[in-house]
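Participant: for reference, the sequence and a predicted model appear below.
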Amino acid sequence: MTSDDDVATGHRPTGRAKGTLTSRETDFPQWYQEVISAAELADNGPVRGTMVIRPWGYAIWELLQAELDRRIKDAGAENAYFPLFIPESFLRLEADHVEGFSPELAVVTHGGGRLLEEPVVVRPTSETIINHSFAKWIQSHRDLPMIINQWANVVRWELRPRLFLRTTEFLWQEGHTVHASQEEAREFALCILRNVYIETMSEVAGIPVLAGHKTARERFAGAVQTWTCEGMMGDGKALQMGTSHELGQNFSRAFGIQYADDGGQLQYPWQTSWGVSTRLIGALVMAHGDDFGLRLPPALAPVEVVVMAVRDDAEVIRVAESLLSDLRAAGRRVRLDDRTDSGFGRRSVGWELKGVPVRLEVGPRDLGEGNVTVVVRHQRKKVQVRLAEAVAVVDEVLGRVTAELREEAVGFRDRRTVEVGGPRAAADVASTGFALVPWSDLGEEGERELADAGCTVRCLRRPDGGLAEASDAPDSLVAVVGRAY
RNA sequence: CGGGCUGUGGCGCAGCUUGGUUAGCGCGCUUGACUGGGGGUCAAGAGGUCCCGGGUUCAAAUCCCGGCAGCCCGACCA
């Protein structure tokens, strides 16, 4: 590397300026909307609360899907698909479940031009319809464990929609499992939490998460225990990024799932369910984005390296194409930007907004010296390197992006996390970040007080940050309190 | 459910108070030239049921009535 210059030129640190994003500090929600639009991630759909996921956003989702799917299958799951439409009566079979979801159901009352005898609901989640199948499939202890995952869309009617974070229809993965024992079910729920969710969020997306279990108030409708991953976004607010539930025997009793154990006795099995959604794309935007746009970890970047031809020049194009094929041969997702009829600044800004981790600028000036320019998105640094070293440098840079994004996010989160002693202090701290409060200082009454102040217990953990065991006394745990999306 | 606000080219807005030729502006788009290492400059263009229906008037984006849609705040829900 022969030089090392910051490229932060010509931007305004605050406020709105022509052609740039509103700064995160000025108005975070406004910035969020602008990034999603400018990076071409998504548009609003014509029906309120619906979302058009554009190619760049969908490509991110496909990469995330692939990472998750591989880990889910490693955990022993098989993929399947269940219907979008569920008989309304199914929802009513589990009391807490129906009570939890009723307000947000979309219900189809007409079909084929006539009133339906029994309305069907558009799935808000698939516990009921999948358990209907489980009841038919499971007879013997030899059928267990049953571990099924589905990739699907679900609908929960939302009154306050936000792209990716809270939309009426969204895409997700939902896993549903059946086990012979409570311990095995619990272990499995935790295995998904750790080996699939936390690992993907931290190692692949570079987003650190706090994990723990929900209070009774925040628990999934129908679950006996809900485990969660909570991330801190760039404005200090909490985002629930994934949940894994122990369902106990609630659904197996409601749907009559029974198996004969090895002694021939009929038993109700123990279940789990778990899911993450396109909301994770919102997390990616809010956890890593800066005032210049998205910053993507390479594993989730539809394009890891863009090779930009600065000029329409035969030698420039030749070198750019040669770098392109070298990088491709090295297994990188790479794209050539040779739209030299469009301004260089416009193109640079465009790739920056989209969060492409590395740009390789190939121009006559560099080539004259046998160099190319490497631009590192997450640090906004430009360095000139020898042409022959370019692929190796790109490789080195891409190799450290995710860890550096994660370190930055960890530092930010830790600076905004404070230990306090009661609900009032917790609410205060939660206005900018997370408060850690002993559950014994809070309790359900303190939890209500927090709700009045606009914040919630995101999860409960051991004082050392570990997950609680069943044997842990509730009063020995610590609550993570924050304002939530 | 209560209160407030807004509907005008693809997007964001002005015009409405005080009715009057051809409804403007920014961004985006098209074409061309000059440019070119961070949203460049200039020129020429395309693009409109002014939300819908009715009324007043010689004349309505503008005034009146009704409807529809959306947004914000509050309440409710979680």
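Facilitator: That came through fine. Numbering: from 1, shown residues only, chains lettered A, B, ... in the order given.
Participant: pLDDT weak spots in chain A?
Facilitator: By pLDDT under 70, the low-scoring segments of chain A are A:1-19.
Participant: point to the residue nearest the middle of it.
Facilitator: Residue closest to the average C-alpha location in chain A (C-alpha atoms, centre = their mean): A:L280, at 1.7 Å.
Participant: burial check on the nearest residue to A:V362 once chain neighbours are set aside, number of neighbours?
Facilitator: Leaving aside its chain neighbours, A:V362 sits nearest to A:A320 (4.5 Å; criterion: C-beta to C-beta, 6 or more residues apart in numbering). Any C-beta I mention is one placed from the backbone N, CA and C, and that applies to glycine too. Neighbourhood size, A:A320 [other C-beta atoms under 10 Å]: 23.
Participant: just checking, A:D291 touches A:R24?
Facilitator: Yes - taking C-beta atoms under 8 Å as the definition, A:D291 is a contact partner of A:R24 at 5.9 Å.
Participant: mutual contacts of the two, please.
Facilitator: Residues touching both A:D291 and A:R24 (C-beta atoms under 8 Å, 6 or more residues apart in numbering) are A:W31.
Participant: next, count neighbours for the residue of the stretch 51-200 of chain A found nearest RNA strand B.
Facilitator: Across the stretch 51-200 of chain A, no residue is closer to RNA strand B than A:P103, which sits at 4.3 Å (C-beta to the nearest atom of the strand). Neighbours of A:P103 under the rule other C-beta under 10 Å: 9.
Participant: what residues does the helix or strand hosting A:S348 touch?
Facilitator: Per DSSP states H and E, A:S348 falls inside helix A:344-354. Helix A:344-354 is contacted from outside by A:19, A:21, A:35, A:38-40, A:56, A:292-294, A:296, A:303, A:306, A:308, A:310, A:337, A:339, A:359, A:375, A:377, using C-beta under 8 Å, 6+ apart.
Participant: now do 6 Å
Facilitator: Residues from elsewhere that reach helix A:344-354 (C-beta atoms under 6 Å, 6 or more residues apart in numbering): A:A38, A:A39, A:W56, A:F292, A:G293, A:V306, A:V310, A:D337, A:R359.
Participant: roughly how far does A:P297 sit from A:S140?
Facilitator: 44 Å (C-beta to C-beta, to the nearest Å).
Participant: burial count for the closest residue to A:L91 other than its chain neighbours?
Facilitator: Nearest residue to A:L91 in three dimensions, chain neighbours excluded: A:V98, at 4.7 Å (C-beta to C-beta, 6+ apart). When neighbours are counted by other C-beta under 10 Å, A:V98 registers 19.
Participant: in chain A, where's the longest helix?
Facilitator: When every helix of chain A is counted residue by residue (DSSP state H), the longest turns out to be helix A:390-415.
Participant: ok, is that one in contact with RNA strand B or not?
Facilitator: No - figure legend: helix A:390-415 not in contact with RNA strand B (C-beta under 7 Å from any atom of the strand); closest approach 11.6 Å.
Participant: go through that helix and flag the buried ones.
Facilitator: Within helix A:390-415, the residues scored as buried using 16 or more other C-beta atoms under 10 Å are A:390-391, A:393-394, A:397-398, A:401-402, A:404-406, A:408-409, A:412-413.
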